[in-house]
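[1] Have a look; sequence and predicted model below, questions after that.
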Amino acid sequence: MIFQYQKKARKAVEVLNDLVMIQNERLAGYHLALESANDEPQYSSTIKRFIDEGLEYKYQLIRKLRQIDGDMDQSKTLPGRLYKVWGDLKKKFTRSANPRAAMASCQYNEMIALHVANAAMLESNLNPEVRTLIEQQEAVLRGNMDVFRTYSGMHHLLDPALMYFN
């Protein structure tokens, strides 16, 4: 019984660390987008809301990690390391003040966060509290993707080609 609990705790720490890293990348992307959307109030208000939301989710994840005595070292997990490298490369090549490119990058980060949350929920070794937290955050991420679809449809804001090379 103790071994099973330890296994669930280790898995929860790994999943939560990956989700904290994803939140960090989302927040970095939104801050870049906010800089390039200064003259676009409708985008700025949405981006600010997503930043506030991302900060709250990050703190919820960190609190849950502390409750289970988790180590906050994101370099321990392979998905976390790969995502960090990808984010660093994207930041290195992002020099545009183009709001379309910045929002496309945010949409891409949101899509990655949604996929990671979905994958985390498929993990069978998560305790119910961690699973509930991830489910709540995943529901909001789905809603955020709807916001991006709305911008894309109404304003022709997002260009899929910009997602990969901005």
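    Arrived safely. This structure is a prediction, so every number in the text was calculated from the model and none was measured.
[2] quick one: low-confidence parts of the chain?
    For the chain, the stretches with pLDDT under 70 are 1-8, 38-39, 70-100, 152-166.
[3] If you tally nearby residues, what's the number for A28?
    17 (other C-beta atoms under 10 Å). Just so you know, the C-beta spots here come from the backbone N, C-alpha and C atoms, and that holds for glycine as well.
[4] The one 3 residues further on now?
    By other C-beta under 10 Å, 13 other residues sit near H31.
[5] who does whichever strand or helix holds it touch, helix- and strand-wise?
    H31 belongs to helix 2-36 when elements are defined using DSSP states H and E. Applying 3 or more C-beta pairs under 8 Å, 6 or more residues apart in numbering; DSSP states H and E, we find helix 2-36 packed against helix 41-67, helix 78-93, helix 99-121, helix 128-155.
[6] Buried by neighbour count: which residues of it qualify?
    Across helix 2-36, burial judged by 16 or more other C-beta atoms under 10 Å covers 8-9, 11-30, 32-34, 36.
[7] and if you look at stretch 130-143?
    Within stretch 130-143, the residues that count as buried by 16+ other C-beta under 10 Å are 130-131, 133-134, 137-138, 140-141.
[8] Looking at those, which one is closest to K58?
    K58 lies nearest to Q137 out of these, by C-beta to C-beta, at 10.0 Å.
[9] Now tabulate the buried residues of stretch 130-143 in JSON lines and tack on distance to A104.
    What follows is the buried residues of stretch 130-143, written out as JSON lines (distance: C-beta to C-beta, whole Å):
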{"residue": "V130", "distance to A104": "31"}
{"residue": "R131", "distance to A104": "31"}
{"residue": "L133", "distance to A104": "28"}
{"residue": "I134", "distance to A104": "26"}
{"residue": "Q137", "distance to A104": "22"}
{"residue": "E138", "distance to A104": "22"}
{"residue": "V140", "distance to A104": "20"}
{"residue": "L141", "distance to A104": "17"}
